[in-house]
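Q: Kindly return the folded structure for what I paste below:
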Amino acid sequence: MEPTKNTEEYMQSLRMAIAQNPECGTSHYNLAVALLSQRKFEEAEKEFREAIDCSPGLVEAYVQLGGICMQRGDLETCLAYNKKAVQLRPSFSEGYGNIGFVYMQLGKLDEAIQALERATFFNFRFVQALTTLANAYLMKGEIDKCIETNLKAVAIQPDFAVSHNNLAIAYLEKGEKRLAVEHADKAVELGYEMAPEILQEIALIRKGLEGGESGS
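A: Below is the predicted model:
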């Protein structure tokens with residue numbers, strides 16, 4: 001997709017602002033975000049670095065640099081950037097959320113849970129972090145915590161399909177069949193593509209419930 005005229009004009013105004021005041025970290029940051037929207041990753045990375053050089057406390061720039069590293073598959077550098085962000089701003093929930101996500105990718109569940117719990121402590125409405133935390137609990141076999149955390153997510157965002165999918169899986173693990181079917185139906189209704197084996201299990205449970213089988 002070609003960049004819009006408005007985007008180009010906006011970027012030109014930022015370049016002019018930088019030319020007049022090269023030490024303005026915010027202008028570098030805003031230009032980097034605009035470049036990122038055009039998927040110009042190398043140029044965006046350069047501007048984010050300039051932003052940090054000018055404004056070392058601009059934690060959002062560290063997170064954005066981490067995102068570029070993630071896009072490249074460089075998880076360790078992504079982790080380092082996000083750790084720097086929360087070091088500079090200890091209550092930065094987005095940074096902790098990203099740290100938790102990276103640790104999940106690295107298979108370090110305990111570290112992921114610790115970071116994600118901090119992310120949701122500082123921002124209790126952080127739905128994505130709540131859902132990732134719930135996944136970590138599920139992988140650890142802490143089913144009740146998984147359910148509790150997913151329920152917090154859907155209480156905040158009722159149409160968040162991922163959480164309904166996760167609730168269906170957690171309730172299956174716990175043997176609460178009716179609730180599993182209910183949340184599976186909701187996830188599918190919201191357009192989520194559930195795993196075929198889960199859908200098959202839900203279909204068998206539904207058949208049993210309709211046939212008079214008792215379910216929690």
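
Q: The protein: helices as residue ranges?
A: For the chain, applying DSSP state H gives helices covering 5-20, 25-37, 41-54, 59-72, 75-88, 93-105, 109-122, 127-139, 143-156, 161-174, 177-189, 196-210.

Q: could those go into TSV alongside mean neighbour count and mean pLDDT?
A: Every residue, glycine included, has its C-beta placed from N, CA and C. Below are the helices of the chain laid out as TSV (neighbours: other CB atoms under 10 Å; pLDDT from 0 to 100):
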stretch	mean neighbour count	mean pLDDT
helix 5-20	13	90
helix 25-37	20	95
helix 41-54	18	96
helix 59-72	21	96
helix 75-88	19	97
helix 93-105	24	97
helix 109-122	20	98
helix 127-139	23	96
helix 143-156	19	97
helix 161-174	23	96
helix 177-189	19	97
helix 196-210	13	93
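
Q: Please report the distance of the nearest residue to residue 96 once chain neighbours are set aside from residue 128.
A: In this structure, residue 96 finds its nearest non-sequential neighbour in residue 119, 3.7 Å apart by CB to CB, 6 or more residues apart in numbering. Going from residue 119 to residue 128 by CB to CB, to the nearest Å gives 9 Å.

Q: Overlap in contacts, these two.
A: Common contacts of residue 119 and residue 128 (CB atoms under 8 Å, 6 or more residues apart in numbering): residue 97.

Q: Quick check, central residue of the chain?
A: In the chain, the residue lying closest to the centroid (CA atoms, centre = their mean) is residue 128, at 4.6 Å.

Q: The closest residue to that residue other than its chain neighbours and residue 21, how far apart?
A: In this structure, residue 128 finds its nearest non-sequential neighbour in residue 97, 6.6 Å apart by CB to CB, 6+ apart. As judged by CB to CB, residue 97 and residue 21 stand 33 Å apart.

Q: just to revisit the earlier point, would you confirm that the residue nearest to residue 128 contacts residue 127?
A: No - contact criterion CB atoms under 8 Å: residue 97 and residue 127 do not qualify, at 10.3 Å.
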